[in-house]
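Chemist: Below is the sequence, then the predicted model.
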Amino acid sequence: MIGGLGMTEILVILLIVLLLFGAKRIPDVAQGLGKGLREFKKASHDIQKDIREAGEVDKETKSKDEKTEV
């Protein structure tokens, strides 16, 4: 059971995909989907990295400000 879907539902979905796209296009569709997911994952990691770096810069700035005040 995947995400609330049983085996019968998954087989019906796969059959519909096979009918819509045909056996020759399914690998191309899957490849495009994989590339899209890869790009999305890379972009989300880049955003997380930027946020972490911005937080580190803020911490460094605050510690420098505290040292100069004393």
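Modeler: Received the coordinates, thanks.
Chemist: Distance of Leu20 relative to Glu53?
Modeler: Distance, Leu20 to Glu53, by CB to CB, to the nearest Å: 44 Å. Every residue, glycine included, has its C-beta placed from N, CA and C.
Chemist: cool, and Ile10?
Modeler: 41 Å.
Chemist: okay, those two: which has more neighbours?
Modeler: A count of neighbours by other CB atoms under 10 Å puts Ile10 above the other of Ile10 and Glu53, at 13 against 10.
Chemist: Run through who's touching stretch 22-39.
Modeler: The contact list for stretch 22-39, computed with CB atoms under 8 Å, 6 or more residues apart in numbering, reads 17-18, 21.
Chemist: any idea which of those residues is the one closest to Lys49?
Modeler: Within the contacts of stretch 22-39, proximity to Lys49 (CB to CB) peaks at Val17, which comes in at 35.2 Å.
Chemist: give the contact list for that closest one.
Modeler: Counting by CB under 8 Å, 6+ apart, Val17 touches Ile26.
Chemist: roughly how far out does the helix or strand in which it is found sit from the chain middle?
Modeler: Counting by DSSP states H and E, the element that carries Val17 is helix 7-69. In terms of CA atoms, centre = their mean, to the nearest Å, the centre of helix 7-69 is found 2 Å from the chain centre.
Chemist: now that helix: mean pLDDT?
Modeler: Mean pLDDT, computed over helix 7-69, is 86.
Chemist: Pick out the residue closest to the middle of the chain.
Modeler: Lys41 (3.3 Å; CA atoms, centre = their mean).
Chemist: Show the contacting residues for it.
Modeler: Shown in contact with Lys41 (CB under 8 Å, 6+ apart): no residues.
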